[in-house]
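Engineer: fold the stuff below for me.
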Amino acid sequence: MNKLERFLVFCSGAYLPLVKRCPGSIHQFIGIGGTVLFTAVFAGLSVGYALFTIFESIYTILAVGIVWMLMIFNLDRYIVSTLKKERNFYRN
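Structural biologist: Numbering: from 1, shown residues only. Purely as a prediction, here's the structure:
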């Protein structure tokens, strides 16, 4: 696994040594990590644009945008990493 793949597995909330032992599921966790990462990036960009229409200070926009992006990233990573798979779909 290269650095980007390891980072995306980290973004998915998976335990990297365990994922390395199950090579068939690596691509699944890479996809989940990419989704979590791009959700956070787009959240940061959208709040940055919203603040750009209100404030004129680029430093305020960058600071709030980065903090918002990290909050969304951590929230999404927590949600994804704590999901449990059930046998029955209707029990979720």
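Engineer: can you give me the pLDDT of Arg91?
Structural biologist: Per-residue confidence at Arg91 stands at 62 (pLDDT).
Engineer: same deal with Ser46?
Structural biologist: Predicted confidence (pLDDT) for Ser46: 96.
Engineer: in which helix or strand does it reside?
Structural biologist: helix 26-52 (DSSP states H and E).
Engineer: which helices and strands does that helix pack with?
Structural biologist: For helix 26-52, the contact count by 3 or more CB pairs under 8 Å, 6 or more residues apart in numbering; DSSP states H and E identifies helix 3-11, helix 16-21, helix 58-81 as packing neighbours. In short, each C-beta sits where N, CA and C put it, glycine included.
Engineer: only the buried residues of the longest one, if you could.
Structural biologist: In terms of neighbour count (16 or more other CB atoms under 10 Å), helix 58-81 has its buried residues at 61, 64-65, 68-69, 72-73, 76-77, 80.
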